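A.B. asks: fold the following, please.
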Amino acid sequence: MHSSSADTGMFSPLVVIPVYDHEHAIGAVVDGVLASGLPCLLVDDGSHAACAQALQALAQAHPGRVSLLRLDVNQGKGGAMLAGFAEAARRGYSHVLQIDADGQHDPADIPRFEALARQHPAAVICGIPCYDESVPKARLHGRYATHIWVWINTLSLQIRDSMCGFRLYPLAPVIRLVGEETIGRRMDFDSEILVRLFWRGVPVISLPTRVTYPSDGISHFDVWRDNVRISRMHTRLFFGMLRRAPRLLWQRVGGAARA
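C.D. replies: Model prediction:
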């Protein structure tokens, strides 16, 4: 474990990839991450044997560059990311770059995220998907309901897309947040953590990035259960927003005055 970069003010990012049974796509994702020059932590979210063996092989093939954290029981994407944040903090990293394991994100964009984060180290750099024809139209249109709820729950248009899992976090405010509040552990995670960080004054900067649909054809999004879970999350956040509305509106006034 090296000294805490968050304490020294150094910029030291770790790529964290939550993985659940994406053994066919993860190798190419890891290759793309390593091409960026950043170290990588694979969080095995209770995968079955074939994927667990593939992840073990990747870590053994790239000692010092790829490490592996295994969760014995599937926690969900959010649970895997929370474990990854904790491990990154334990190792002393200042930032975590999250990228999906299924190949839908382009690791070639990692240097763009890193460069923007170096300019704005206190901000979350959040991807805005630029889709090709592979995106299912129902998923594409369904995202807009979440966009609208997020704009309502933040009283702001600053978060342009809260569902893209390609993003770079400043670790210190994330660790404070997860130590003080309960965050959704499954497909509600990406939107909820972004809204709650915004409520705490963490800036969110958007960065367009190319997104294709899973290269291995596997998606763990359950249309019924995950949409119900996301709807409940928006309802919780709405009542949280009502309590915070005066401060959120004051933040807007203050931001407009500074501009």
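A.B. asks: what pLDDT does the residue lying closest to P203 once chain neighbours are set aside get?
C.D. replies: Leaving aside its sequence neighbours, P203 sits nearest to A123 (CB to CB, 6 or more residues apart in numbering; 4.0 Å). Just so you know, the C-beta spots here come from the backbone N, C-alpha and C atoms, and that holds for glycine as well. For A123, the pLDDT comes out at 97.
A.B. asks: so which strand or helix has the closest residue to C164 other than its chain neighbours?
C.D. replies: Leaving aside its sequence neighbours, C164 sits nearest to G127 (CB to CB, 6+ apart; 4.2 Å). Here G127 sits within strand 124-131, counting by DSSP states H and E.
A.B. asks: helices and strands around that strand, which ones?
C.D. replies: If contacts are counted by 3 or more CB pairs under 8 Å, 6 or more residues apart in numbering; DSSP states H and E, strand 124-131 sits against helix 110-119, strand 167-170, helix 189-199, strand 204-211.
A.B. asks: so which of the ones you listed is nearest I148?
C.D. replies: helix 189-199 (11.8 Å; CB to CB).
A.B. asks: quick one on the thing from earlier: residues of the strand holding G127 that come out buried?
C.D. replies: Neighbour counts over strand 124-131 (16 or more other CB atoms under 10 Å) mark V124, I125, C126, G127, P129 as buried.
A.B. asks: would you list these in a markdown table and tack on distance to Q104?
C.D. replies: Shown next, in a markdown table, are the buried residues of strand 124-131 (distance: CB to CB, whole Å):
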| residue | distance to Q104 |
| --- | --- |
| V124 | 19 |
| I125 | 18 |
| C126 | 15 |
| G127 | 11 |
| P129 | 9 |
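A.B. asks: among those, which one lies nearest to P18?
C.D. replies: For the buried residues of strand 124-131, the nearest to P18 is G127 (15.5 Å; CB to CB).
A.B. asks: avg pLDDT for stretch 94-102?
C.D. replies: Rounded mean pLDDT across stretch 94-102 is 96.
A.B. asks: could you shift the numbering so residue one becomes 36, and keep it that way?
C.D. replies: Right, with 36 as the first residue, what we last looked at is stretch 129-137.
A.B. asks: mind checking the end-to-end distance for it?
C.D. replies: One end of stretch 129-137 sits 25 Å from the other (CA to CA, to the nearest Å).
A.B. asks: that older thread, quick one: residues in contact with the strand holding G162.
C.D. replies: Strand 159-166 is touched from outside by 140, 144, 148, 151-152, 170, 175, 194-197, 199-205, 229, 232, 237-247, with contacts defined as CB atoms under 8 Å, 6 or more residues apart in numbering.
A.B. asks: rerun that using 6 Å as the cut-off
C.D. replies: Strand 159-166 is contacted from outside by 148, 151-152, 195-196, 199, 201-204, 239-246, using CB atoms under 6 Å, 6 or more residues apart in numbering.
A.B. asks: low-confidence stretches in the stretch 136-285 of the chain?
C.D. replies: For the stretch 136-285 of the chain, the stretches with pLDDT under 70 are 168-180, 221-222, 249-266, 268-269, 273-279, 282, 284-285.
A.B. asks: what ranges does the stretch 86-235 of the chain have for its strands?
C.D. replies: Assigned by DSSP state E, counting those that start in this stretch, the stretch 86-235 of the chain shows strands spanning 101-106, 130-133, 159-166, 202-205.
A.B. asks: okay, the ones you listed in CSV with distance to A118 next?
C.D. replies: What follows is the strands of the stretch 86-235 of the chain, written out as CSV (distance: least, CB to CB, whole Å):
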stretch, distance to A118
strand 101-106, 6
strand 130-133, 11
strand 159-166, 19
strand 202-205, 14
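A.B. asks: ok, which of these comes nearest F120?
C.D. replies: Comparison of the strands of the stretch 86-235 of the chain against F120 by CB to CB identifies strand 130-133 as nearest, at 6.0 Å.
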